[in-house]
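Asker: A structural model of the following input is requested.
(one chain, ligands or ions: 1)
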Amino acid sequence: MHDFHYEGKDLWCEEVPIRDLVAQVGTPLYIYSHRTLKNHFRVFNDAFSRVPHITCFAAKSNSNIAILRIFIREGGGVDIVSGGELYRAMKARVDPQKVVYSGVGKRIDEIEYALASNILMFNVESFQELEVINTCAARMNRKAGIALRVNPDVDPQTHPYISTGLKENKFGINVEKSLETYLLASKLKNLDIKGISCHIGSQLTKISPFIDALDRLKKLFGHLKAAGLKIRYLDLGGGLGITYDEESPPHPSEYADAIIGASRDLSCTFILEPGRVIVGNAGILVTKVLYTKANEDKNFIIVDAGMNDLLRPSLYKSYHHVQPVQKTKRKEIIADVVGPICESGDYLARERRLQRFERDDLMAVMSAGAYGFTMASNYNSRPRAAEVLVMGDKFHIIRKREEYGELIRGEKIPDMIKRKQ
Ligand SMILES: *Cc1c(COP(=O)(O)O)cnc(C)c1O
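Answerer: Residues are numbered from 1 along each chain as shown. The predicted structure follows:
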C-alpha cells in the first residue's frame, strides 16, 4: 500500500496534488510519502515484535538524512556500507549500537571512523579484513564487535546482478570455511565475536531462499556454540521484494513468521536489514515531457529525467510503472519513455501502452523510492534532482535541486594552463 492516488484526474501524494508541488519545486523531482514510509517501517518492524530484534534500514537504498531520521525515530538502526553512510546515519542521530557495517571493501579510515563511533558490529567478509579490523581496534585500544558474513550458497532466484549469496558472488565467506575463520577470529584479542550475518540478494519474491539460508546459518550457529563461541546476533540481511509490475512478494508478516518459526530453538537477537521493501513504493520520480517524436515503427516520449536520475532501467532492465500526473482522454499509443542523456541505454520505460503525452505534461515514474536518488549521478553534467517529503497536506524539501556551481565544486584549473598562451 502507498499514498499515491488519483483524485479525479490528478495524481496526489497524501493530501498534496503533485501538480502544485511541481509548480513550486520543478522537475525532475523525487517525492516521498512520509505516511507510507512510516507505515512500511512499522509493518516490518512490528512483524518481528515477538522476538528480540533490531531493524537496521539499509541506507544504500535511500540515504537522505530526513528519511533515515524517520526510521531512527521509530526505533530503527541503520545498515551502512561506507564511511559516508555512517556519516549520514550519525547526522540523522542514530544510536551507534544499532549500526551494522556491511561491505566487502572497508578502508582503514572507514574502520577507524566506525570504531570511534562505537557501532554495534562489522559484518566481515574476509580473513584479511578481520586482521585489519583487529589491528585498528588494538591501536585504538578498543574491541571491535564483529559477525562474519557467510555465503550460504543459495539461489535467491532474482536478477543475477542483485543476487549475492551464490558461491560465485564476491560476497561473504563460504559457509563451509566459516567455522575455521571463526576459530581464527577467536584468537584475535581485539575482536568481540557477536554474530553471524548473511545477505543473499535483493528483490526476492519467495520465502524459501531465506529459509534455506537460515537453515545453513543455524547449523553453523550450533557448531560455534559447541566450540564455545557465544553468538548473540543473527543478521539475516535484507532482500525482501516489492511489486513493481506483477510480482507478488510475501508480506513482511509472512516473511517474519517463517523466520521466527524456523528459529524457535535459537536464543539470539535478530538483525534485519530491509531497504527496498520499506522505501521502494514510498517514492516516485516526477518528470516533464520535453518532446515527442515518432519514426517508422516507434513512438518516443522524451522526458527531462534520465539514467543519471534513475539508473535501474538502464542498469538492470528494471520495470517501473509510468503514469500521467494528470489523466486525459487522449487515445493510447505504444511508446518508449527516454531521457535526454547521450546513451541509447538511457530510458525509463519501453514499449508501454500509454495515453498520448504532449509537451509539458508531467509523468510519474512509480516505485522509485529505493535505489533511485542514491544511484543518481551528474553524468552529462546534469545537476541532481530535488527531493521532497510530503507529510499530510504539507511538503518539505529534504534536498534542494543541485546548481551548476555544485557541479564543479572542488575542481581547479592549474595556474600553468590558466593564462592565455
Ligand atoms: C543491499 C543490501 C541490503 C538491502 O537490500 P534490499 O534488497 O534493499 O532489502 C541489506 N543488506 C546488505 C548487506 C546489502 O548489501
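
Asker: Tell me the spacing between the residue positioned nearest the centre of the chain and the ligand.
Answerer: Geometric centre of the chain, nearest residue: Ser61, 1.5 Å, by Cα atoms, centre = their mean. Noted for Ser61: a distance of 4 Å to the ligand, by Cβ to the nearest ligand atom, to the nearest Å. (Glycine included, C-beta is placed from N, CA and C.)

Asker: What is the burial count for the closest residue to that residue other than its chain neighbours?
Answerer: Counting by Cβ to Cβ, 6 or more residues apart in numbering, Ser61 lies nearest to Gly275, which is 3.1 Å off, once chain neighbours are set aside. Using other Cβ atoms under 10 Å, Gly275 is surrounded by 24 other residues.

Asker: returning to that earlier point: please state the backbone phi and psi of the residue nearest to the centre of the chain?
Answerer: phi -80, psi -30 (degrees, to the nearest 10).

Asker: Run through the residues of this protein sitting next to the ligand.
Answerer: 58, 60-61, 79, 102, 199, 202, 237-240, 273-277, 370 (Cβ under 6 Å from any ligand atom).

Asker: Which among those residues count as buried?
Answerer: Buried by 16 or more other Cβ atoms under 10 Å: 58, 60-61, 79, 102, 199, 202, 237-240, 273-277, 370, out of the residues of the chain next to the ligand.

Asker: Could you tell me which of these belong to helices?
Answerer: Judged by DSSP state H, those include Arg276, Val277 as members of helices.

Asker: Among the buried ones among the residues of the chain next to the ligand, which ones are in strands?
Answerer: Ala58, Asp79 (DSSP state E).

Asker: count of residues packed around Lys331?
Answerer: 7.

Asker: do you know how far the residue lying closest to it once chain neighbours are set aside is from Asp304?
Answerer: Closest residue to Lys331 apart from its sequence neighbours, by Cβ to Cβ, 6+ apart: Arg356 at 6.1 Å. Shown here: Arg356 relative to Asp304, a distance of 18 Å by Cβ to Cβ, to the nearest Å.

Asker: Also Asn151?
Answerer: The value you get for Asn151 to Asp304, if Cβ to Cβ is used, is 42 Å.

Asker: same check, this time on Ile334
Answerer: From Ile334 to Asp304 the distance is 22 Å (Cβ to Cβ).

Asker: biggest helix in the protein by residues?
Answerer: From DSSP H, the single longest helix across the chain is helix 208-226.

Asker: just checking, what packs against it?
Answerer: Here helix 208-226 touches strand 144-151, helix 175-185, strand 191-197, helix 252-261, going by 3 or more Cβ pairs under 8 Å, 6 or more residues apart in numbering; DSSP states H and E.

Asker: let's see 6 Å
Answerer: helix 175-185 (3 or more Cβ pairs under 6 Å, 6 or more residues apart in numbering; DSSP states H and E).

Asker: Which positions in the helix it packs on come out as buried?
Answerer: Val175, Ser178, Leu179, Thr181, Tyr182, Ala185.
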